[in-house]
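Novice: 3D model of this:
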Amino acid sequence: MKTAQAPRAGLRVATRRFLWLCGLLGLTGSPLLSAADAGTGAIRGRVFNTRSGEYAERARVSIEGTALETFTDNVGDYYFSSVPIGAARVKV
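Specialist: The predicted model follows:
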């Protein structure tokens with residue numbers, strides 16, 4: 001039973017680190033987060049699977065509390081436009 005939960009726990013840690021990095025980049029004025037207009041912004045990112053060592057293709061990415069959802073492309077990239085201004089939590 002413990003061995004079945006261990007990979008899941010590792011994925012949770014990787015997801016938390018990814019979300020932390022996205023937040024850090026957004027707070028430092030990174031070009032990854034830019035305003036589309038006065039009431040919205042954009043979020044761009046890339047999903048990496050630490051277990052396989054590859055970027056995740058077709059991973060579902062959403063912004064919690066909104067209906068915004070997309071999937072990563074063949075190199076793990078995703079992009080959201082028209083994201084409401086404010087704190088956002090990206091879920092993979």
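
Novice: any low-confidence regions in this structure?
Specialist: For the chain, the stretches with pLDDT under 70 are 1-38.

Novice: any idea where the strands of it begin and end?
Specialist: All strands of the chain, identified by DSSP state E, fall at 33-37, 40-46, 48-49, 54-55, 60-63, 69-71, 77-84, 90-91.

Novice: and the last one, what other elements does it pack with?
Specialist: Under the contact definition 3 or more Cβ pairs under 8 Å, 6 or more residues apart in numbering; DSSP states H and E, strand 90-91 sits against helix 2-27, strand 60-63. Every C-beta, even on glycine, is put in place using the N, C-alpha and C of the backbone.

Novice: Just the C-alphas of stretch 62-69, formatted as CSV.
Specialist: Output for stretch 62-69, consisting of C-alpha atoms alone and laid out as CSV, is shown next (Å, rounded to 0.1, in the frame of the first residue of the first chain):
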residue,chain,number,x,y,z
SER,A,62,-6.5,24.8,-15.4
ILE,A,63,-6.8,28.0,-13.3
GLU,A,64,-8.6,27.2,-10.1
GLY,A,65,-11.8,29.2,-9.5
THR,A,66,-12.3,29.9,-13.3
ALA,A,67,-13.6,27.9,-16.3
LEU,A,68,-10.2,28.4,-18.0
GLU,A,69,-8.6,25.1,-19.1
